[in-house]
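1. coords please:
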Amino acid sequence: MPITPATAEHSSSNGTADAIMLELVDEDGATIGTAEKLAAHQPPGRLHRAFSVFLFDDRGRLLLQQRAPGKYHSPGVWSNSCCGHPYPGEAPMAAAARRTYEELGISPSLLAEAGTVRYNHPDPESGLVEQEYNHLFVGLVQSPLRPDPEEIGATAFVTPAELAERQAGDTFSVWFPTVLDAARPAIRELTGPAGW
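-> Sure thing, here's the model as predicted:
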């Protein structure tokens with residue numbers, strides 16, 4: 001059974017609860033240490049490893065998730081299919097597959113690497129900073145979603161035109177435009193002539 005850190009804690013080997021630790025990296029993505037999750041996001045932010053997943057259905061539509069209203073960071077905003085942070089020493093692809101299962105209740109098909117992107121995005125709503133070296137992944141959804149309500153408020157599959165409409169009217173995560181643009185070449189390779 002997978003570990004599910006629905007809050008900012010998980011069990012350590014001695015059975016006690018520890019704050020989630022993130023892997024700090026340099027500008028080339030090499031590990032240089034660790035930091036507690038919330039501390040890494042406090043201004044000015046500390047560069048850390050993250051991942052973003054973009055999943056598509058058989059019609060080439062992108063799965064969006066609306067972050068649950070109870071999340072401490074960016075609650076209620078729309079974003080890509082899944083995102084998060086590997087545990088220190090955890091491979092980014094393994095972390096992406098783990099969190100996709102924990103959040104959406106599915107194992108993505110054909111999950112593939114789609115490059116990396118480095119960004120620094122302050123979030124004016126929370127006051128936190130996304131200072132991330134982000135590993136990007138694309139894949140397919142081929143089974144029914146079972147979203148965890150502690151993580152996800154809503155989901156939607158959208159075409160490029162529907163995404164543009166939503167972006168004009170809904171609030172999206174500060175990192176979403178950056179990770180989407182960086183993943184576009186791999187998205188086009190996966191979805192073919194879907195307009196991405």
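
2. assign a three-state SS to V179, would you?
-> Look at V179: counting by DSSP: H, G, I helix; E, B strand; the rest coil, its state is helix.

3. ah, wrong one, I meant A161
-> A161 - assigned by three-state DSSP - is helix.

4. quick check: pLDDT value at the closest residue to it other than its chain neighbours.
-> In space, and not counting its chain neighbours, A161 is closest to G195: 7.5 Å by Cβ to Cβ, 6 or more residues apart in numbering. Every C-beta, even on glycine, is put in place using the N, C-alpha and C of the backbone. Looking at G195, its pLDDT reads 83.

5. what's around G195, how many residues?
-> 11 (other Cβ atoms under 10 Å).

6. hmm, it is touching T159, no?
-> Yes. The pair G195 / T159 is scored as a contact, 6.9 Å apart, by Cβ atoms under 8 Å.

7. what residues do the two have in common as contacts?
-> Taking Cβ atoms under 8 Å, 6 or more residues apart in numbering as the criterion, G195 and T159 both touch G60.

8. pretty sure the residue nearest to A161 sits in a helix.
-> No. Under three-state DSSP, G195 sits outside any helix and is assigned coil.

9. can you map out the strands along this structure?
-> 9-11, 17-19, 21-25, 31-36, 48-56, 62-67, 78-79, 82-84, 109-122, 129-140, 152-158 (DSSP state E).

10. where does pLDDT dip in the chain?
-> For the chain, applying pLDDT under 70 flags the ranges 1-18.

11. point to the residue nearest the middle of it.
-> When Cα atoms, centre = their mean is applied to the chain, the residue found nearest the centroid is C83 (0.9 Å).

12. didn't that residue look like it was pressed against L55?
-> No. C83 is beyond contact range of L55, at 11.6 Å (criterion: Cβ under 8 Å).
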